[in-house]
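>>> The sequence and its predicted three-dimensional model are supplied below.
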Amino acid sequence: MAPAFHKAHKHVEFFLQQLVNGITLGGVYALVALGYTMVYGIIQLINFAHGEIFAAGGYMGVILISWLVSQGYPPFICLSVALVLAMGYCALLAMAVEKLAYKPLRSSSRLSVLLSALGMSIFLQNGLMLTQGVYDRAYPGEMVQGGFEIGGAVISYMQIVIVGITVLLLVGLNILVFKTRIGKAMRATAQDKTMSALVGINSSRIISLTFAIGAALACAAGIMVGMYYGSVRYDMGFVPGVKAFSAAVLGGIGNITGAMLGGLIIGMIEVFAAGYISSEYKDVFAFIILIGVLYFMPTGIMGENVDDTRV
Amino acid sequence: MTTPASRKLWLGYAVAMLWFFVLLWPLLGITPEGLEFATSFGIWSKVAVAAAIILALWQLKQRGVFGFVSRPVEALSDSLGKATGVVPTWVWLSLVLAGALAFPLLTERYAHDVAISVLVYVCLGLGLNVVVGMAGLLDLGYIAFYGVGAYTYALLSVHYGLSFWLCLPIAGTFSAIAGCIIGYPTLRMRGDYLAIVTLGFGEIVRIVLNNWMSLTNGPNGILGVKPPGTYWWSDGKIDHIWLGSLEQFYYVILALAVCTVIAVYRLNNSRIGRAFEAVREDQTAAELMGVNTLRIKLLAYALGAIFGGLAGAFFAARMRFVSPESFTFIESAMVLAMVVLGGMGSIPGVILGALALIALPEVFRGFELYRMFVFGGVMALMMLFRPKGLWPAKRMGARSEERD
């Protein structure tokens, strides 16, 4: 999975390499985890369809980038235009899912909404399969190539791009949530829907917006995973979805900073466990962490009730 | 004709269809060769027309236009209901059982194969029903127990040559132990956390089966599992025979399914079953009434796991082969879909659900690819329009419908 895995033989080099890979992967998990945590914070729902939004993002990326490349645009334009368009697409998709499958169930039991979310997840995954085929779809190879070496660890430009976009999106999200009126409305709705409605906040619009933002972030993550590994598949959303959810729980569900931190930790643990313990079982560690956290520390690292940072 | 309400409805329809096109077109229309509209427009127009017809019919129904049809139909179904109520339940049950027993004599091999799958899923559905329907614990990793049961029998049969009938209780026991191991750390969690953790455990079991080469032979699976054997008259003396043909398998799984139905029915009306329901409806109140909630939940988990394990052992014997591929998350989702579709907590509902989800797709074999697509959609739609399922359980409290 790591592009320059075999070059690093010595311990330090190996460690550094894993660190770089871990940061890359962790950033991606953080982006997906934010969608889970924001939605959970606002309507207490595990949005199973979120992993599929991530996959849809990966597909939109491959579709748009292939098209733009075939039109002869330079890589930088292709990447940024595709990123923006795909994020818009996923936001619309998530809002449609929310309107159809979650909104009418707002007053029914939690089990019903959860099952509806599961149904939507299966529906979207198979919708992707039907429209895009069952086989992997490759990203155009010539997007971002090359890399450089620091202390024996190879950092590809792709990783720089991924980490750069991730940081940009995370900073943007923080500004949106903590510095703007919309963000204030989101935090208010998460704390108390009735009271925020009384002061004139349209809670259903805010919920819709939360889904849209979460989906846009997941979409960016999907595109970056697609570029990093070189291809996308219709069922690529399931396992990263569960891992990102573990990250959200680890950070303290409902907490934005926690989700970022949790994503980073889960990504690191996965890469290091794959490198030092066993790569066959690398998917197991995220689940074990999830179970361990829920058992011993159910509120996560940042805690559920840090009011100010909750969405 | 154009009341404000209907105008709003059609405006919503227009927006939704526009939205749908925006979501559909990029998936089908943007290719490196250029932009293309015909394919997506074709699909879109079909969906739009279908949605328009449904909306129009619904609007007419709201106005009572179909009163002349629905009133006599309702009257008929009422009187039919009364008429069937006169016949005692045991008559119905024995009719169904007689039908099931005669089934292999009346049908082809292919139908036997489908019927065997249906019955396996009936067992699985009923087992999951104990956990989800009766005790109200959402389990998304149920197929793990099916896998544990299947591998237990496969390993014991291949390495030690133990008989199916001996392994059946062993497989049940192992599954129950697995259920307790998985259940114990998860049961103190809230409902939706439980869902994701059970999902995680289900995946862990599959990954372990896939990678523990020395025990499970990894993705290649285990070959040469023996079918069940029995002693039977042949040539005038009692002899040991293997139950290897499809009809024989059918009767074995029918017996297993009937036992499961009886067990779940008895459980439902027992003290423990009531305790399950009490925990489902209101955990705090149940605890106050003296129900040991943690123990009861663990018991629900273990019991559900046993049924899954028994079905798994049969599955291994039937396929003569096990591999981790049979125990993916999609299988869990499918069993769950059966329980939800049929009606949580309802035995006839689960059987109906298994029939609908396994037998019905066989009828529409040409649409095999669309199977899971339709499953997902139906699951969400059921929650919107008929959350209690096709054949709702009689004893479902008011509270479980409220938000907790």
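Yep, that arrived.
>>> and residue B:29, what does it touch?
With contact taken as CB atoms under 8 Å, 6 or more residues apart in numbering or on different chains, residue B:29 is in contact with B:35-37, B:39-40. No exception for glycine: its C-beta is placed from N, CA and C like everyone else's.
>>> Could you tell me how far the lowest-mean-pLDDT helix or strand in chain A lies from the centre of the chain?
For chain A, using mean pLDDT, DSSP states H and E, the weakest element among its helices and strands is strand A:147-150, scoring a mean of 80. The chain centre lies 27 Å from the centre of strand A:147-150; the measure is CA atoms, centre = their mean, to the nearest Å.
>>> just stretch A:56-74 next, same as before
20 Å.
>>> Any regions of the chain where pLDDT drops low?
Chain wasn't specified; assuming chain A. Residue ranges of chain A with pLDDT under 70: A:1-10, A:142-143, A:303-311.
>>> that's the other chain; I wanted chain B
Using pLDDT under 70, chain B drops low at B:1-2, B:190-191, B:395-404.
>>> What are the structural domain limits within it?
As given by automatic domain parsing, the domain ranges for chain B are B:4-84, B:90-401.
>>> Show me the two of the contacts of residue B:29 that sit farthest apart.
The two members of these with the most space between them (CB to CB) are B:35 and B:39, at 11.3 Å.
>>> and those two? which has more neighbours close in?
The residue with more neighbours, out of residue B:35 and residue B:39, is residue B:39; 13 against 10, by other CB atoms under 10 Å in any protein chain shown.
>>> Name the nearest residue to the more buried one, ignoring sequence neighbours.
Nearest in space to residue B:39, with sequence neighbours left out and distances taken as CB to CB, 6 or more residues apart in numbering or on different chains, is residue B:28 at 5.1 Å.
>>> swap in residue B:300?
Closest residue in space to residue B:300, ignoring its immediate chain neighbours: residue B:135 at 3.7 Å, by CB to CB, 6+ apart.
>>> Next up, the contacts around the residue in the stretch 151-300 of chain B that chain A sits nearest to.
Residue nearest to chain A within the stretch 151-300 of chain B: residue B:200 (3.6 Å; CB to the nearest CB). Residues in contact with residue B:200 (CB under 8 Å, 6+ apart) are A:242, A:246, A:286-287, A:290-291, B:141.
>>> count of residues packed around residue A:177?
21.
>>> Which of the residues in whatever helix or strand residue B:10 lives in are classified as buried?
Using DSSP states H and E, residue B:10 sits within helix B:4-29. Within helix B:4-29, the residues scored as buried using 16 or more other CB atoms under 10 Å in any protein chain shown are B:9, B:16-17, B:20-21, B:23-29.
>>> dump the residue contacts of residue 118.
Answering for chain A, as no chain was given. A:48, B:140, B:333, B:336, B:376, B:379.
>>> Not quite, go with chain B.
Listed by CB under 8 Å, 6+ apart, the contact set of residue B:118 reads B:354-355, B:358-359.
>>> Which residues lie in contact with residue 196 in this structure?
The chain I'm using is chain A. Taking CB under 8 Å, 6+ apart, we find residue A:196 in contact with A:185, A:188-189, A:203, A:206.
>>> hmm, I had chain B in mind actually
Taking CB under 8 Å, 6+ apart, we find residue B:196 in contact with A:46, A:242, A:245, A:249, A:290, B:140.
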